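Novice: Predicted model follows, preceded by the sequence.
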Amino acid sequence: QDLCLKALKYNKSCAKAWEYMGAVMEREQSYKDAAEHYEQAWKHENQASAQVGYKLAFNYLKAKRFVDAVDVCHKVIKAFPDYPKIRKDILEKARIGLRP
């Protein structure tokens, strides 16, 4: 975590450091913070990583940000139609969470 913070101090656009920070927060079960870090990684990778998109959507789901999770899922599915896990693991659960 300290190394990631040091890397981000010198290079705020280091997507890998943001991704690792998200992973650390996710392990600490701080899903809101993890989502914020994955959001930065997703932004700095120009939304071109299915793995980061999956983790971002997963943390949105855990943080009960269902609409954001669905939006990210759609972006990942549009860019990577062969990425199968996101539809079943996150998209369906987020849609169920949206229902009253």
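Specialist: Cool, the structure landed.
Novice: Tell me the spatial nearest neighbour of the residue nearest in space to the middle of the chain, not counting adjacent residues.
Specialist: By CA atoms, centre = their mean, the chain has its centre lying nearest to Leu56, at 1.1 Å. Leaving out its chain neighbours, the residue that sits closest to Leu56 by CB to CB, 6 or more residues apart in numbering is Tyr38, at 4.0 Å. No exception for glycine: its C-beta is placed from N, CA and C like everyone else's.
Novice: same check, this time on Leu5
Specialist: Of all residues not flanking Leu5 in the chain, Met21 sits nearest, at 7.7 Å (CB to CB, 6+ apart).
Novice: And that neighbour, how far from Pro100?
Specialist: To Pro100, Met21 is 35 Å away according to CB to CB, to the nearest Å.
Novice: who has more neighbours, those two?
Specialist: Each of Met21 and Pro100 has its neighbours counted (other CB atoms under 10 Å); Met21 has more, 23 against 2.
Novice: List the contacts of the more buried one.
Specialist: Contact analysis of Met21 by CB atoms under 8 Å, 6 or more residues apart in numbering lists Gln1, Cys4, Leu5, Leu8, His37.
Novice: Strands - which of these land there?
Specialist: Assignment to strands by DSSP state E places none of the contacts of Met21 there.
Novice: Make CSV from these and add neighbour count and distance to Asp82 to it.
Specialist: Output for the contacts of Met21, formatted as CSV (neighbours: other CB atoms under 10 Å; distance: CB to CB, whole Å):
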residue, neighbour count, distance to Asp82
Gln1, 11, 33
Cys4, 19, 30
Leu5, 10, 35
Leu8, 17, 32
His37, 25, 26
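Novice: so of those, which ones are in helices?
Specialist: Cross-referencing the contacts of Met21 against helices under DSSP state H gives Cys4, Leu5, Leu8, His37.
Novice: Skipping its backbone neighbours, what lies nearest the third one in space?
Specialist: Spatially, and ignoring its direct neighbours in sequence, Leu8 is nearest to Ala17 (5.1 Å; CB to CB, 6+ apart).
Novice: swap in Val24?
Specialist: Val24's closest residue in space is Gln1 (CB to CB, 6+ apart), at 5.1 Å.
Novice: Need the pLDDT of that neighbour.
Specialist: Gln1 is assigned 70 on the pLDDT scale.
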